[in-house]
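Chemist: Requesting a structural model of the entry that follows:
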Amino acid sequence: MEIRFNEDEAIVAKIREGLKKKDGYCPCRIQRTDDNICMCKEFRDQIADPEFEGYCHCRLYYKKK
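Modeler: All right, here's what the predicted structure looks like:
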């Protein structure tokens, strides 16, 4: 398993800017809950699935099998 940033540097820059503005909470989510702190619970759950390969919801991270 490998987790990396999206290869599109413009997307990474935009999402990181959003993370700074929202104090580490996912910029794609409205609610500020513990589940939405980056790396969000949704992606952590996807990482736990050995069959999952793909991007997190906001496309900042990519998990490769």
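Chemist: Tell me if residue 3 really is in a helix.
Modeler: No. Counting by DSSP: H, G, I helix; E, B strand; the rest coil, one finds residue 3 to be strand, located in no helix.
Chemist: Apart from its neighbours in sequence, what residue is nearest it?
Modeler: Leaving aside its sequence neighbours, residue 3 sits nearest to residue 63 (Cβ to Cβ, 6 or more residues apart in numbering; 5.2 Å). In this view, the C-beta of every residue, glycine as well, is placed from N, C-alpha and C.
Chemist: Please apply the same query to residue 41.
Modeler: Take residue 41 and drop its neighbours on the chain: the residue closest to it by Cβ to Cβ, 6+ apart is residue 35, 3.9 Å away.
Chemist: how about the strands of the chain, start to end?
Modeler: Taking DSSP state E as the test, the strands found in the chain are 2-5, 54-55, 61-64.
Chemist: any idea of the mean pLDDT in the second one?
Modeler: Think strand 54-55. In this model, strand 54-55 has an average pLDDT of 98.
Chemist: And for the first one?
Modeler: Summarised as a single mean, pLDDT over strand 2-5 is 98.
Chemist: What strands flank that strand, and is each parallel or antiparallel?
Modeler: For strand 2-5, the paired strands and their directions (DSSP bridges) are strand 61-64 (antiparallel).
Chemist: for the shortest one, same thing?
Modeler: Partner strands and pairing direction for strand 54-55 (DSSP bridges) are strand 61-64 (antiparallel).
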